[in-house]
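A.B. asks: sequence first, then the predicted structure:
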Amino acid sequence: MLELTTSGWAIALLAAVMVGLSKGGIPMAASISVPVLAVVMNPVEAAGLLLPVYIIADMFGLWAYRKEFDKRVLLIMIPATTIGIGIGWATAEIVPERWVTLMVGGIGVAFSLNALLRHKMGARQEAKVAPGLFWGTIAGFTSFVSHSGAPPFQTYTIPLNLPKQVFAGTATVLFSYVNLAKLGPYIALGEVNWHSLGTALILAVPASASVFLGVWLVKRMPTVIFYKIVIWALLLISLKLVQQSLFT
């Protein structure tokens, strides 16, 4: 088990709650978890610690959204994220994490600003294959590197105008697959290990409980407000990622 100070545990618990909220249908919360935990440990160590927490919380999220997801989006993005995970694994020791962080942040800033200026809730649109393959590959790669697959996912799915619970459920199902697919490579790279597993199991308890808080929030939040929060959160998280990559 990892040795953490009292403040370190408080920060780790906050990161775990963010994991649970993301599995409850608030996908932007996932992008906050690693940066929060990186305050008290190396970002790579933080990503490895949180992966088992994600996987355990995923089970509760899958149950909550077992009937609410977009099958076409998943059929497009699951193969693409698999490719992205493979690229992330192959380049794990080559590509600086700073570059990946800057790329994710830049994409998120550009998209969220465009969405704030132009996005309007309208008719539901059909997911197109080519953009889905592109953004899915990026999402798999960035998720592998730092659990930050939400910005590319949102860039693809927000313009589809999915019902809020379908949007949330699709994100939950997709990233449940992605997290499980990352487990083998993370173990092979030594990022998930017995030393951190005990801590991860403790953090999985508040993470799992927070899943239901996320589901409750999604159900009661008006659709327009839900998407505004998603877009603004994406912008703020992306700006933080850009700042982190350039000035730390």
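C.D. replies: All right, it came through fine. Please read all numbers here as calculations on a predicted model, not as lab measurements.
A.B. asks: what is the longest helix anywhere in the chain packed up against?
C.D. replies: Ordering each helix of the chain by length in residues (DSSP state H) puts helix 194-220 first. Secondary structure elements in contact with helix 194-220, counted by 3 or more CB pairs under 8 Å, 6 or more residues apart in numbering; DSSP states H and E, are helix 6-23, helix 43-64, helix 164-188. For the C-beta atoms, the positions are set from N, CA and C on the backbone; glycine is no exception.
A.B. asks: burial count for the residue nearest to residue 241 when sequence neighbours are not counted?
C.D. replies: Nearest-residue entry for residue 241: residue 105, 3.1 Å, with adjacent residues in sequence omitted and distances by CB to CB, 6 or more residues apart in numbering. A count of neighbours around residue 105, defined by other CB atoms under 10 Å, yields 23.
A.B. asks: what's the answer for the one 4 residues further on, then?
C.D. replies: Other residues within reach of residue 109, judged by other CB under 10 Å, total 19.
A.B. asks: what about the residue lying closest to it once chain neighbours are set aside, helix or strand, and which?
C.D. replies: Closest residue to residue 109 apart from its sequence neighbours, by CB to CB, 6+ apart: residue 238 at 4.5 Å. Element membership of residue 238, judged by DSSP states H and E, is helix 223-247.
A.B. asks: my read: the residue nearest to residue 109 touches residue 151, true?
C.D. replies: Yes. Counting by CB atoms under 8 Å, residue 238 touches residue 151, with 6.1 Å between them.
A.B. asks: which residues touch residue 246?
C.D. replies: Residues counted as contacts of residue 246 (CB atoms under 8 Å, 6 or more residues apart in numbering) are residue 102.
A.B. asks: scratch that, residue 187 is what I was asking about
C.D. replies: residue 193.
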